[in-house]
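Undergrad: quick one: sequence and predicted model below, then my questions.
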Amino acid sequence: KRIAAVASKDLPGAQWEFVVFDSPEANAFCLPGGKVGVYSGILAVTKDEAGLATVIGHEVAHAAAHHGAERMSEETLLQTGGQVLSGAATDPKMQALISTAYGAGTTVGRTLPHSRKQESEADHIGLIYMAQAGYNPQEAVNFWQRFSAYNQQQSGGGQTSWLQKFMSTHPVDADRIAALKNEIPEALRYYKGPGVVAPTAVTPSAPAGSGAAGTPSNIIGRKP
């Protein structure tokens, strides 16, 4: 409730609802308008309230930044472009080839990088939200380190290859943790102590290198 309260300035009129789903998957998601779902499997990784606040802050940030609407608009635009290109060819085989090539090109060249940028932006904004809501932002780093260890365990301890990194919808864990560590000093300016909601919640800026701020806008686990 504290995180939703500080985020409401960026998403006025949101009907916040938080639901826990009984599932072993270590994941969470957010729907446009303030509907947040958390799978019970992630609670073993969050460990405590501050860890859960990291996840909730990240998901709420997706809603406040309108990432779901951005993705839907982008998908519509890309689908239209593909239809125009394939429609320019008269040969059905050529149409299929153009459609396949266009889909692969837009996924690698646009959709995946944009998804990673939105995830980084949600990490940054969520960090500020949890600090404004009275949760120590340094606990976010601890959560992501635990989540990284969980991912390593699930993958058998294998290293992330350059191709996995390139094709991932989310930043790899090491990059995510490094970015959050750099953002901790900014977040600490909003942190007034355990449980203390900042009297004046300021809209956080986007992280360096990011853009401006229906379907789930985020799945917290990386989907290669």
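TA: Nice, I can see it.
Undergrad: let me see the ranges of the helices in this protein.
TA: 2-7, 43-46, 49-64, 67-87, 92-106, 112-132, 138-154, 162-166, 173-188 (DSSP state H).
Undergrad: mean pLDDT lowest where, among those?
TA: Across the helices of the chain, helix 162-166 has the smallest mean pLDDT, namely a mean of 39.
Undergrad: burial count for Pro12?
TA: 6 (other C-beta atoms under 10 Å). (C-beta placed from N, C-alpha, C; glycine too.)
Undergrad: that should have said Ala149, apologies.
TA: If we define neighbours as other C-beta under 10 Å, then Ala149 has 12 of them.
Undergrad: and if you look at Ile177?
TA: By other C-beta under 10 Å, 20 other residues sit near Ile177.
Undergrad: nearest residue to it other than its sequence neighbours?
TA: Distances taken as C-beta to C-beta, 6 or more residues apart in numbering place Trp144 nearest to Ile177, at 5.0 Å, with adjacent residues excluded.
Undergrad: surely that neighbour meets Ala178?
TA: No: Trp144 is beyond contact range of Ala178, at 10.0 Å (criterion: C-beta atoms under 8 Å).
Undergrad: which one of the two is surrounded by more residues?
TA: Remark: of Trp144 and Ala178, Trp144 carries more neighbours, 22 against 13, as counted by other C-beta under 10 Å.
Undergrad: mind checking how far the more buried one is from Asp10?
TA: 23 Å (C-beta to C-beta, to the nearest Å).
Undergrad: separation between Glu139 and Tyr191?
TA: Glu139 is 10 Å from Tyr191, by C-beta to C-beta.
Undergrad: typo on my end, Trp16
TA: 22 Å.
Undergrad: of those two, who's got more company?
TA: Tyr191 (20 against 17).
Undergrad: show the contacting residues for the more buried one.
TA: Counting by C-beta atoms under 8 Å, 6 or more residues apart in numbering, Tyr191 touches Ala131, Gln132, Gly134, Tyr135, Asn136, Pro137, Ala198.
Undergrad: touching, the second one and Gly193? I think so.
TA: Spelled out, that is Gln132. No: the criterion here is C-beta under 8 Å, and Gln132 misses it with Gly193 at 11.9 Å.
Undergrad: quick one, which of the two is more surrounded?
TA: Comparing Gln132 with Gly193 by other C-beta under 10 Å, the one with more neighbours is Gln132, at 28 against 7.
Undergrad: Ala7 versus that one, what's the distance?
TA: 9 Å.
Undergrad: one more: His66?
TA: 12 Å.
Undergrad: higher neighbour count, those two?
TA: Counted by other C-beta under 10 Å, His66 and Ala7 do not tie: Ala7 has more neighbours, with 27 against 17.
Undergrad: which ones are touching the more buried one?
TA: Ala7 touches Ala14, Val60, Ala61, Ala63, Ala64, Tyr129, counting by C-beta under 8 Å, 6+ apart.
Undergrad: so what's the residue count around the fourth one?
TA: If I follow you right, that is Ala63. Neighbour number of Ala63 under other C-beta under 10 Å is 26.
Undergrad: right, and it touches Pro32 too?
TA: Yes: judged on C-beta under 8 Å, Ala63 makes contact with Pro32 at a distance of 6.3 Å.
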